[in-house]
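Student: No sequence on hand, only this structure:
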């Protein structure tokens, strides 16, 4: 049997657009999570409270930016 283009399309259940959305979601989720852990480390390990609070504010900012980017991506 010869391989057709429909065989290669079936090997991936996600379209390119869906893959980009998943990668974008993961990027913002990982960035927010790393920001949270960095904030906790700054608070408890270095006891630099002001910097820890500043970095902690990145978490909702990153998640909001991710939601905005993904909402804009959905308009296409």
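Tutor: The structure has been received and is ready for your questions. Everything numeric in this text was worked out from a predicted model, so none of it was measured.

Student: which is the next helix or strand following the longest helix seen in the chain?
Tutor: Secondary structure of the chain per DSSP state H: the longest helix is helix 16-41. Proceeding N to C from helix 16-41, the next assigned helix or strand is helix 49-56, under DSSP states H and E.

Student: next one: that next one to chain centre, how far?
Tutor: Centroid separation for helix 49-56 versus its chain: 21 Å, with CA atoms, centre = their mean, to the nearest Å.

Student: And for stretch 59-71?
Tutor: 9 Å.

Student: which residues of the chain score low on pLDDT?
Tutor: 1-10, 74-76 (pLDDT under 70).

Student: coming back round to it: give me the angle between the longest helix of the chain and helix 49-56.
Tutor: Angle, helix 16-41 to helix 49-56, by axes from the mean of the first three to the mean of the last three CA atoms, to 10 degrees: 170 degrees.

Student: For helix 16-41, name the packing helices and strands.
Tutor: helix 49-56, helix 58-74 (3 or more CB pairs under 8 Å, 6 or more residues apart in numbering; DSSP states H and E). C-beta here means a position set from N, CA and C on the backbone, and glycine is covered the same way.

Student: So which bits of the first one are buried?
Tutor: For helix 49-56, the neighbour count (16 or more other CB atoms under 10 Å) marks 52, 55, 56 as buried.

Student: And stretch 23-38, by the same measure?
Tutor: 28, 31, 32, 35, 38.

Student: Surely the third one is in contact with residue 65?
Tutor: No: the pair formed by residue 32 and residue 65 falls short of the contact definition of CB atoms under 8 Å, at 9.4 Å.

Student: wait, isn't residue 58 in contact with residue 35?
Tutor: Yes: if you go by CB under 8 Å, residue 58 and residue 35 touch, sitting 4.2 Å apart.
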